[in-house]
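Asker: After the sequence you'll find the predicted model.
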Amino acid sequence: MHLYLGESPRTLYLVTSSQEESQGRPRRALVFRTAEGKSSQAVVEFLPKDEVDLSQAVLLTKRVVKGCLGLISISDDMFLAVITSATEIGNTRPSGLRNESVAKIHEVGFYCLTSSTWDDIPSAYDSIPSPTFPEHADALMRDAYSGPSTPNPNIFEHPCMPLTKIISAGTFYYALEPYWDLSSRLQHRLARDEATAKDVGTYDERFVWNEYIVRSLLDFRERLDPQEREELDRCQFIVLAIQGYVGIFTVPLPAPPTTGGPVVATISLISRLGWKRAGTRFNTRGVDDDGNCANFVETETIFSTDMNCFSYVQVRGSVPLFWEQQGLQTFGQRIQITRPQASQPAFERHFLQLTEEYGAVHAINLLGTKENEASLTTAYARSLQIARSTFGDSIGITHFDFHSAVKLYGHDSILGQLANQQDVKDRMDEFGFTMADGGSTEIITKQMGVFRTNCLDCLDRTNFVQDILSRTVLEQYLTLIRREWLQSGSLWSFHRELWAENGDALSRIYAGTGALNTSYTRSGKRTLAGVLSDATKSVSRAYINNFQDKGKQVAIDMFLGNLSAQQQVTIFDPVHDLVREALERRSAIGNWFSKYVSNTSSRLSEYSTAKHCTVYAGTWNLNGRPPTSESLLPWLFPRNDLPQRMWERKIMDTVNHRPDKDGEYVLLRSHQLVGTALFILVKTELTAVIRNVEAATHKTGLRGMSGNKGAVAIRLDYYDTNFCFITAHLAAGHPNVEERNADYRTIVEGLHFLKGKTIDSHENVIWLADTNYRIDLENERVRQLAEANDTDALLAVDQLRQMIDEGLAFSGYTEGPIIFLPTYKYDYGSDNYDTSEKMRIPAWTDRILYKGNALELVTYLRAELKSSDHRPVFALFSAEIRIVDHAKRAALSHLLLDNVTSTMPGEKLDEKLATLTFANEKISLPPPSSDDTAWWDQPEHPGGIFPPQSNGSRERSSTNPFDSPGDSPLSSPSSSEEELYNTALQTPLAPKPLQNSSSRRPPPPPPPRSTKPIKDLS
């Protein structure tokens, strides 16, 4: 196929070539342009080639395009991703009913639909070498994200260059035939019925890496009629790509004596890397809250002859706990288990996914006995033991210290030692393998379970052991069908080569270099050259993972749509666009004043519920002091190198031994930056509904180089509401107000979580910090006012309040009323302000500020603890949490779609769509008042009287297709609510006119302020 560009409007044409048409593909064109005024919405048409005028179009690339990967929006521009170079790897199952050939992607191009700016910018793929052998591939991975050695500010970089580097690295593959699904294993594919097997839209979404950018095209495909959909599939315009490794070898084997000729067998290895927790080695570890693991790979060994086809599946993945490695990592592994008490729900979600997909699961843990790896092993074993109370014998684990075994007995001993592991041997016999008839879809035997192997990175040790398991099970199969094939040297040579190449490919993706130990995997021997090669790779990994992987991680997140501000491309479709808009609308406001106010379009409440919770925030500058015997109850429960771990234990001990406790708490997450620490505690039962917990730090000392000052932040999602908590220590010194303002700006601009999230991208934010802002009065005067408890006079000259009023810091944040004395600085163990030689001026340095519609302040006070020269401060919030029922939302979407597309007898759908309208979201305001006239005193509204519109006229004028019908199963107000609503409409709202109507009427009074009292819970 070829790609053309047309102008006025700017349009891209992907058309079939004459060679493809001679091979039986339909003469068709896929046409792309942007929707007017929308940078993330495209108009796509599937047209006969003869209806497309290419006379004025320009051929964009001389290369033959292999297919389209999708559409992506970057920086307000939309790009079409196409494959411009690929090579066929081979046919994984030649004896099958249809070809199952695979191609490797070498080069891709991104072409802009919205602008000609990037037409003449050299694309990254023009200069990227296609990796053809390991050393070239390793060089590519080293150089791809290092940037130019002498950057030229006058040269523009194509915004899709990082994506091009990833996809062109030789690790992406796609199916050459339209009706076979490369993303699914053989057993799964053969179990599908004929119609499903031919459906291009049926695939294993865990492994299709371009699912985010191709989603809109798949939706477009679903809306075509069956004949057009079939032609679109036959054209192969849409490509679904996996990342990982595919290797295929053809092997001649001795035939039975009846024929005398050799049997030609095919041995293949397919590794499918999961994308749901994708990333690089030190940036992506462990599990997420949905149970997705880093570096999760499904690897399938396929051995095919004319008679039978063998398939054996294994999986690998990071230890499914919350753990990470932060900071500079060299050859020692510094591991932090970040949520030791809150990993179980995610751990069990992971094993639930595995058991539902594969049946029984047996984990093989290859971690060693060194301190860090041992801590992971202990936590892994404990979580699995707890999970067995739910899963029973369907899950199990074997711990095998790979490094210790190699150190004692060498690599040659691993096969024998694994064979002596009784649990592994028993599960291997129990799980079996998949065997299918060579020329049909008949399954003879099914694989009943899967081994899940891991080490720390799930690369070198894991690949070594999976190679052994694959060979052992393949030997069992050959023993059953043709024992003499066990002696084939070429078969096992190809098997070793496939696993060595697989290890290198997966290692380059995750760690940036080829795998270690592959020289042994290839040859079965440990050589000096192999040892030197492994040492070189280890050094390269350390450099790449510490200094280049962050840029690669951003590119991966961009490709997968993980960046927080990213907009997914949609395809213009009036009906579905209206339905989507209706679901997202919270309310629709019509014209001005009460006559036109209407909230009938609100849909959020129809598929979600609200839940109330309490949030406690407390801050205390401990001045580096360890815990004392002083009770923390007055601070933590007011109603009745910082030693971080010591304070964790002290806080947890206080919380869980408090009197009249109504539940257990666990430490969800803690994080530290030198002398600043933040702890998040939640009730035990909430750990299952709190997700995406992340921590981040940002230094402000010495211009961001020193951590003596800075911030620690932790963010989380509680159901469908997100929170961000920040503790900070800003610049000290009474006159250093601008330095504190600069620290605040540095934190807000520089503190980032994963996937592009920032502080301001959260709905609810709470700062609990030592802000260090002071009081601008003389020391003696401040002490006099404090002794007189005159907080109002002190607050009038409080630096922080002044900065907020001037918009120089904490703009948009709210602080509760301060009704307590300054919290700094006291003599230790006393109620006396500083009596030392420095005699510091008392101040409210310790503050809690917040913003967010879900937060309502209940209490803001200090606690009288005397272990530090600061008094701790705390705040209690009542918060409303939104819980979205996604099944109900989908049902509502279908209901709304049916309401739109259903027609009365004789009614045409196009005519109905033309009459549908939404209430205008813009409020139509009256002309402004002047010295002579007031907007509320007009001839059409004498005396400022606005009679309410009758209920009947409202109903007659409604043309909104998304007003729920009376019999809607999703929203039906009670009769009492309807009565109240109707009564309210009939109630006169007009105020009495003034006696002197000639004089100008005074403006309406402002709305009353909330008189809700602040509860004192001390």
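Answerer: Received it, and whenever you're ready, just let me know what you need.

Asker: Can you tell me which residue is spatially central in this protein?
Answerer: Central residue of the chain (Cα atoms, centre = their mean): Asn562, 4.9 Å from the mean position.

Asker: tell me the contacts of it?
Answerer: Ile556, Leu754, Lys755, Gly756 (Cβ atoms under 8 Å, 6 or more residues apart in numbering). No exception for glycine: its C-beta is placed from N, CA and C like everyone else's.

Asker: which helices and strands does the one helix or strand Ser389 maps to pack with?
Answerer: Element membership for Ser389, per DSSP states H and E: helix 371-391. With contacts taken as 3 or more Cβ pairs under 8 Å, 6 or more residues apart in numbering; DSSP states H and E, helix 371-391 sits against strand 336-337, helix 344-358, strand 360-365, strand 395-399.

Asker: Of all those, which one comes closest to Leu60?
Answerer: helix 344-358 (41.2 Å; Cβ to Cβ).

Asker: And that closest one, what's buried?
Answerer: Residues 344-351, 353-355, 357-358 are the ones in helix 344-358 that count as buried (16 or more other Cβ atoms under 10 Å).

Asker: Of those, just say which sits nearest to Val251.
Answerer: Checking these one by one against Val251 (Cβ to Cβ), the nearest turns out to be Tyr358, at 27.7 Å.

Asker: what bits of the stretch 101-250 of the chain have low per-residue confidence?
Answerer: 121-155 (pLDDT under 70).

Asker: What are the boundaries of the helices in it?
Answerer: 134-143, 161-167, 186-190, 194-197, 211-222, 226-235 (DSSP state H, counting those that start in this stretch).

Asker: Can I get those in JSON lines including distance to Arg27?
Answerer: Below are these laid out as JSON lines (distance: least, Cβ to Cβ, whole Å):
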{"stretch": "helix 134-143", "distance to Arg27": "38"}
{"stretch": "helix 161-167", "distance to Arg27": "29"}
{"stretch": "helix 186-190", "distance to Arg27": "30"}
{"stretch": "helix 194-197", "distance to Arg27": "26"}
{"stretch": "helix 211-222", "distance to Arg27": "18"}
{"stretch": "helix 226-235", "distance to Arg27": "9"}
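
Asker: Any idea which of the ones you listed gets closest to Thr933?
Answerer: helix 211-222 (52.2 Å).

Asker: contacting residues around that closest one?
Answerer: Contacts for helix 211-222 (Cβ under 8 Å, 6+ apart): 42, 44, 46, 68-72, 81, 200-201, 205, 208, 229, 232-233, 238-240, 275, 559-561, 568-571, 573, 576.

Asker: and with 7 Å instead?
Answerer: For helix 211-222, contacts defined as Cβ atoms under 7 Å, 6 or more residues apart in numbering pick out 44, 69-72, 81, 201, 205, 229, 232, 238, 240, 560-561, 568-571.

Asker: And the helix holding Ser389, what's buried?
Answerer: Asn372, Glu373, Ser375, Leu376, Thr377, Ala379, Tyr380, Ser383, Leu384, Ala387, Phe391.

Asker: now do stretch 800-814
Answerer: Per 16+ other Cβ under 10 Å, stretch 800-814 contains these buried residues: Leu800, Arg801, Met803, Ile804, Leu808, Ala809, Phe810, Tyr813.

Asker: could you measure the residue nearest to the centre of the chain against Lys650, distance?
Answerer: 37 Å (Cβ to Cβ, to the nearest Å).

Asker: Shouldn't the residue nearest to the centre of the chain be within a helix?
Answerer: No: going by DSSP: H, G, I helix; E, B strand; the rest coil, the assignment for Asn562 is coil, not a helix.
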